[in-house]
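In: I'd like to go over a predicted model; first the sequence, then the structure.
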Amino acid sequence: MLEVEGLQKRYKQKTVLENCSLQMKQGEIVGLVGENGAGKSTMLQLLATIMQPTKGEIRLDGLSYKESVKEVRRKIGYVPQDISIWEEFTVEQNMLFFERLSWKKRTQEECRQLCIDMQLTHWKEGVQSLSGGMKRKLNLAISLLHDPILLLLDEPTVGIDLKSKTEIGTYLHSLAKNKGKMIMYTSHDMDEITNVCDRVYSIGKDSFYMDLLQEKGIPVEQLR
Ligand SMILES: Nc1ncnc2c1ncn2[C@@H]1O[C@H](COP(=O)(O)OP(=O)(O)OP(=O)(O)O)[C@@H](O)[C@H]1O
């Protein structure tokens, strides 16, 4: 379970997040929406332990981010907005490289299976020749190497075709429902949010997203 209480983030004079509280349970896929600059990436980076909040508490499976950050990190997979893989390597070389950096050991077959599970079948192919969708899948596969319980995805489907988007959505759904992962992800695509997420947090004072998602019948709460 993820528990966030009274979170605040200030960048110098600017307060981006104020008194945000949220919870996530095992097996849930939660969307994070809001206009550009609302603070979605900031929230994901705080949850990923990349930045520290100026106020507030975060706990993952009862572990405090302040007291047990090393243990917490082992339980988190984070995919930033920008793709971060080795362009000059093959899919296989990328997977094996990042496996060596991971605290959890995986066999070559397990690494390959992770890719196959999300329909990334170009094991021997150079990353440079992959489509945007395949690169996104590889980035996602790398983030799963250490079998995290919380997966934080910053616009994982931006700029990719509908087929890859749908495959990623289906895969995320199976990760949550069959393996009990908690998944939080941001997107500006409301159809995708509606199709993939169980519920949504809308960041910011603007009620545009709240109204839109409520109309579509998706449970949504506002964070400011
Ligand atoms: N390191 C930083 N220093 C100062 N201000 C920052 C920093 N990072 C983000 N900000 C500001 O905080 C606000 C929230 O940014 P953030 O990237 O979290 O928004 P976002 O909702 O993810 O936006 P987008 O949809 O464009 O990705 C923005 O006004 C941004 O300029």
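Out: Sure, I can see it. No experiment lies behind these values; they were computed from the predicted model shown.

In: tell me what the longest helix seen in the chain is packed against?
Out: If you go by DSSP state H, the chain has its longest helix at helix 162-179. Packing partners of helix 162-179 (3 or more Cβ pairs under 8 Å, 6 or more residues apart in numbering; DSSP states H and E): strand 29-33, helix 132-143, strand 150-154, strand 182-186, helix 190-196. Where you see a C-beta, it was placed from the backbone N, CA and C, and this is true even at glycine.

In: same list, the ones you listed, but as TSV with mean pLDDT please.
Out: Listed next are those as TSV, based on pLDDT from 0 to 100:
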stretch	mean pLDDT
strand 29-33	97
helix 132-143	95
strand 150-154	97
strand 182-186	97
helix 190-196	92
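
In: just put those in CSV and tack on mean neighbour count and distance to the ligand.
Out: Output for the helices and strands packed on helix 162-179, formatted as CSV (neighbours: other Cβ atoms under 10 Å; distance: least, Cβ to the nearest ligand atom, whole Å):
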stretch, mean neighbour count, distance to the ligand
strand 29-33, 24, 8
helix 132-143, 22, 16
strand 150-154, 23, 7
strand 182-186, 24, 7
helix 190-196, 17, 13
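
In: all strands of the chain, in order?
Out: 2-11, 14-24, 29-33, 55-60, 63-64, 76-79, 150-154, 182-186, 199-203, 220-223 (DSSP state E).

In: and of those strands, who's closest to residue 134?
Out: strand 76-79 (14.5 Å; Cβ to Cβ).

In: what strands flank the closest one, and is each parallel or antiparallel?
Out: With DSSP bridges as the test, strand 76-79 is paired with strand 150-154 (parallel).

In: work out the gap between the partner strand and the centre of the chain.
Out: Relative to the chain's own centre, strand 150-154 is displaced by 2 Å; criterion: Cα atoms, centre = their mean, to the nearest Å.

In: and if you look at stretch 59-68?
Out: The answer for stretch 59-68 is 19 Å, by Cα atoms, centre = their mean.

In: averaged pLDDT, it. What do you get?
Out: Across stretch 59-68, the average pLDDT comes to 97.

In: got it, and stretch 4-24?
Out: Computed over stretch 4-24, the average pLDDT equals 95.

In: who does the closest residue to residue 40 other than its chain neighbours bridge with?
Out: Nearest residue to residue 40, sequence neighbours excluded (Cβ to Cβ, 6 or more residues apart in numbering): residue 186, at 4.5 Å. Beta-bridge partners of residue 186, counted by DSSP bridges, are residue 32, residue 154.

In: how far away is residue 186 from residue 153?
Out: 7 Å (Cβ to Cβ, to the nearest Å).

In: got it, and residue 32?
Out: 9 Å.

In: common neighbours of these two, please.
Out: Each of 44, 184, 185, 186 lies in contact with both residue 32 and residue 153 under the rule Cβ atoms under 8 Å, 6 or more residues apart in numbering.
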